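*Asks:* what's the 3D shape of this:
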Amino acid sequence: EIVELLVDVLTRDGRFEVRTASSGYDAGLMTQQFRPDVILLDYMLPDVNGNIVCRTIKKNPDFSNTQIIIVSGVVNQSEIDELLHSGAADFIKKPFNIAELVDKLARLSQA
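*Replies:* Got it, this is the predicted structure:
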């Protein structure tokens, strides 16, 4: 439901071209094909930890400028610090304010 809401909000905004993936594997494939400026990544994916996806994307030089925002409701501060150290540009805790998220996405997509 959150993904559908975000797709709707970001599409209506008009500044974003949106693609979605439902697993870490799909996210990797989508990243290779779409080459996004910003990735909004859930920490708890069905097949892999978001931290692993973040590290895998950031270690590829082709994606050195790709910004990653991690979203989660179940992460403690040490895990947040590890995610940021793994290459995430930002972390947003669920529940989050949609307008603030859109602003962060817009800022990072221009970085």
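*Asks:* How far does stretch 6-20 sit from its chain's centre?
*Replies:* 13 Å (C-alpha atoms, centre = their mean, to the nearest Å).
*Asks:* Show me what counts as buried in it.
*Replies:* Neighbour counts over stretch 6-20 (16 or more other C-beta atoms under 10 Å) mark 6, 9-10, 16, 18 as buried. Every residue, glycine included, has its C-beta placed from N, CA and C.
*Asks:* could those residues go into CSV alongside secondary structure?
*Replies:* CSV is the format used below for the buried residues of stretch 6-20 (DSSP: H, G, I helix; E, B strand; the rest coil):
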residue, secondary structure
L6, helix
V9, helix
L10, helix
F16, coil
V18, coil
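*Asks:* Could you list the residues in contact with the helix or strand containing L84?
*Replies:* Assigned by DSSP states H and E, L84 belongs to helix 77-85. By C-beta atoms under 8 Å, 6 or more residues apart in numbering, the residues outside helix 77-85 that reach it are 43, 50-51, 54, 70, 75, 91.
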